[in-house]
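Undergrad: Sequence and predicted structure below; questions after.
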Amino acid sequence: MSRSLCAVVLLLGVLVAPVYLSGCGGSGSPAPPAQRSSITGSLDASAAGGSYEVLLDGQPVPGAMRADGSFVINGVPPGEHRVAVVEAGGMSGAYVTVIVDPGEDEVIPPVRPELGGQIVGMVTVHDEDGVRVLPGVEVTAQPAYDIVMGAAAKDEDSTFPLPELPSFSGFTDENGSYILPAVPTGEYVVTVAAPEYTENYQWVWVEAGHTAVADFELRPAIDPGVGTVRGRVMADTEDGLQPVVGALVSIYSEEVWYPVGPPCIDNDGGEENGGGSNEGDPGDDGVVDPDHPAPDEIPCPWFYGVSTLTDSQGNYSLNAPAGYASIEVFASEYMSVWEEIVIRADQVLERNYTLEPWEYEEMRPPSTGTPSVP
């Protein structure tokens, strides 16, 4: 075979190979897109004549409501969804939970709007750039309920855990404002969560025909870990600044902190922090005693604060969970100092304090007046 013929054969092999590989699925076939569905419904006859809008999972669906009171939501992905039909600019409405199967069109019964209240507010963020509004953030209101322990928990008619109650959600607009309309009367926990920011919540009471306000100011999230706060505590005396010996320095975290350590079990016998088994500690006879945990298991501690005392030079050092916290310095005969701080993982924060002495006012007996001379 001549050199020119070999070159032609080699070139054809290079051109044909990619076609063959792609046809055989060498690069993998893309997964087919999920089949979308529609949700169809209508207003109850009692709501005729009103102006309503349709929301899907807290987002308005333009053009879904028709003039005859029926509505259609197209392009709905599979899964559980919340459909809301609310009065435009009012507090009446209705919510329906719908489970959509792939490619299946769901028809819901006629919905009957009822008068509720509304939850309104603004979401802002406070960071190094100051305070600014936060648009496009989801706000959720979850019904609040108490779990009664004791005799009620032993009631044969009671169920535990309690069934999940429906929630109400919406999103902030370009001004950071939100409205949750047509919320039934009751107590709710309103929660705001956004990526890279701390979660925040408030308790509100909603009354039919009234507005409950819940404003939120979020802060940038702090990476978890442990940081160090250290410094010196001095006192302003007649002889100048002097170190304070034995001053109590305490740091209180805003969140409950669970230390990371050996496997542990909670007080109810369940596992936490990847803890080991709940088999207990075997006795001398080899029988496991469920009331005594094994040696490698400890109850899970949790606490809000850590404390220490200053040394002979007024110095202190504390390791504390990373995050938002407050520090307090207390010493007898001096005014306490309190400050908000931010602790970052694997970093040292220097905080020095000067205490001012208490100023005691002399206590004098109240004047009884001068008796008049007749």
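TA: That came in fine, so what should we check first?

Undergrad: Mark out where each domain of this protein begins and ends.
TA: As assigned by automatic domain parsing, the chain contains the domains 37-114, 117-218, 226-355.

Undergrad: how about a markdown table for those, with mean pLDDT added?
TA: Listed next are the domains of the chain as a markdown table, based on pLDDT from 0 to 100:
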| stretch | mean pLDDT |
| --- | --- |
| domain 37-114 | 89 |
| domain 117-218 | 83 |
| domain 226-355 | 79 |
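
Undergrad: With mean neighbour count as new columns, can those be given to me in JSON lines?
TA: (Glycine included, C-beta is placed from N, CA and C.) Output for the domains of the chain, formatted as JSON lines (neighbours: other CB atoms under 10 Å):
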{"stretch": "domain 37-114", "mean neighbour count": "16"}
{"stretch": "domain 117-218", "mean neighbour count": "15"}
{"stretch": "domain 226-355", "mean neighbour count": "15"}
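
Undergrad: so how far is residue 123 from residue 174?
TA: 12 Å (CB to CB, to the nearest Å).

Undergrad: what is in contact with those two at once?
TA: residue 133 (CB atoms under 8 Å, 6 or more residues apart in numbering).

Undergrad: Now tell me what touches stretch 200-218 from outside.
TA: 91, 115-126, 131, 134, 139, 141, 144, 183-192, 194, 197-198.

Undergrad: could you redo the last one with a cut-off of 7 Å?
TA: Applying CB atoms under 7 Å, 6 or more residues apart in numbering, the contact partners of stretch 200-218 are 91, 115-126, 134, 144, 183, 185-192, 194, 197-198.

Undergrad: Keep only those of the residues you listed that are in strands.
TA: For the contacts of stretch 200-218, the ones inside strands are 115, 117-126, 183, 186-192, with DSSP state E as the criterion.

Undergrad: And the helices in this protein, which stretches?
TA: Taking DSSP state H, the helices of the chain run over residues 3-23.

Undergrad: Please look at residue 224 and residue 322 and confirm they touch.
TA: Yes - judged on CB atoms under 7 Å, residue 224 makes contact with residue 322 at a distance of 5.9 Å.

Undergrad: Common neighbours of those two, please.
TA: Common neighbours of residue 224 and residue 322 (CB under 7 Å, 6+ apart) are residue 345.

Undergrad: who's in contact with the closest residue to residue 243 other than its chain neighbours?
TA: Sequence neighbours aside, residue 314 is the residue nearest to residue 243 in space, at 3.0 Å (criterion: CB to CB, 6 or more residues apart in numbering). Residue 314 is in contact with 232, 233, 234, 243, 244, 245, counting by CB under 7 Å, 6+ apart.

Undergrad: contacting residues around the third one?
TA: Right, the one you point to is residue 234. So residue 234 contacts 241, 242, 243, 244, 314, 354 (CB under 7 Å, 6+ apart).

Undergrad: which one of the residues you listed is nearest residue 37?
TA: residue 354 (67.8 Å; CB to CB).

Undergrad: Any idea what that closest one is bridged to?
TA: Note on residue 354: beta-bridge partners by DSSP bridges are residue 234.

Undergrad: Same question for residue 320.
TA: Beta-bridge partners, per DSSP bridges, of residue 320: residue 227.

Undergrad: ok, it touching residue 229?
TA: Yes - counting by CB under 7 Å, residue 320 touches residue 229, with 6.1 Å between them.

Undergrad: overlap in contacts of these two?
TA: Common neighbours of residue 320 and residue 229 (CB under 7 Å, 6+ apart) are 251, 343.

Undergrad: sorry, back to before: out of the contacts of residue 234, list just those in strands.
TA: 241, 242, 243, 354.

Undergrad: Quick check: of these, which lies closest to residue 96?
TA: Nearest member of the ones in strands among the contacts of residue 234 to residue 96, counting by CB to CB, is residue 354, at 62.4 Å.
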